[in-house]
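Colleague: Using only what follows, build the 3D model:
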Amino acid sequence: MQVSICEEHTASEGCTNEQCDSLHICPYYIYDLCEVPKCEAGHDIHTDHNHFILNKQFLGRNYNLPDVKKLLEPGKFVPDVCEEYNLRSGCDRRHECLKMHLDVLKECPVETEDVRYLRKLFKLDTVVPDVCEDYNLR
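Modeller: The predicted structure follows:
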C-alpha cells in the first residue's frame, strides 16, 4: 500500500477535510530539502493525524522517516511553480516558500534548490531541458 502527502495541508487555508487520509507534513522535509527551521507545514511524522494514517500501514509497529519514504507514491509530489519568483521583484518568502523557484521565462536553471529537488525526487544524474518541458517548467 502507498500513502500520499496532503496537498491542501500546505495551502494557505490548510486541510479542512476531517476524513483526510494523506500525510500532513512538509513534502520538502520528506525529501531532506526543507531548510525552514520553524516550517509551518511540519516536520513531525508522529503527529496524531499522521500516526493514524501510518498506523494502518505499519499495523501498530514502530516506523521512522525512511519507512515512510518507501510508502510514498513515487513522483506524486511536484510542487507548483512560484509565480512571484518570476516577477521582477522575486519571491519575498525565499526559504519559507513551498513553491518551486524556477524561472519559467528562460531556460531551465541548473543550480536552483528546486532543480536539485527534481533531480533527487526522480533520481536523475543531471537535469536536462526535457525535464523542465515535461513538467511545464520552461
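Colleague: Please make it C-alpha for all contacts and neighbour counts, starting now.
Modeller: OK.
Colleague: Check which element follows the longest helix seen in the chain along the chain.
Modeller: The helix that spans the most residues within the chain, counting by DSSP state H, is helix 48-58. Downstream of helix 48-58, the next assigned helix or strand under DSSP states H and E is helix 65-71.
Colleague: related to what we said a few turns ago, could you say what helices and strands the longest helix of the chain packs with?
Modeller: The criterion is 3 or more C-alpha pairs under 8 Å, 6 or more residues apart in numbering; DSSP states H and E, and there are no helices or strands that helix 48-58 contacts.
Colleague: can you dump the C-alpha coordinates of it into CSV?
Modeller: Output of helix 48-58 as CSV, limited to C-alpha atoms (Å, rounded to 0.1, in the frame of the first residue of the first chain):
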residue,chain,number,x,y,z
ASP,A,48,-1.8,12.3,15.9
HIS,A,49,-3.1,12.7,12.3
ASN,A,50,0.0,11.1,10.7
HIS,A,51,0.1,8.4,13.3
PHE,A,52,-3.5,7.5,12.5
ILE,A,53,-2.7,7.2,8.8
LEU,A,54,0.7,5.4,9.2
ASN,A,55,-0.6,3.0,11.9
LYS,A,56,-2.9,1.4,9.2
GLN,A,57,0.2,0.8,7.1
PHE,A,58,2.5,-0.5,9.8
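Colleague: Any buried residues in it, and which?
Modeller: By neighbour count on 16 or more other C-alpha atoms under 10 Å, the buried set for helix 48-58 is His49, Asn50, His51, Ile53, Leu54, Gln57.
Colleague: Dump those into CSV; add pLDDT and distance to Tyr63 as well.
Modeller: Shown next, in CSV, are these (pLDDT from 0 to 100; distance: C-alpha to C-alpha, whole Å):
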residue, pLDDT, distance to Tyr63
His49, 94, 15
Asn50, 92, 11
His51, 90, 10
Ile53, 89, 12
Leu54, 89, 8
Gln57, 79, 10
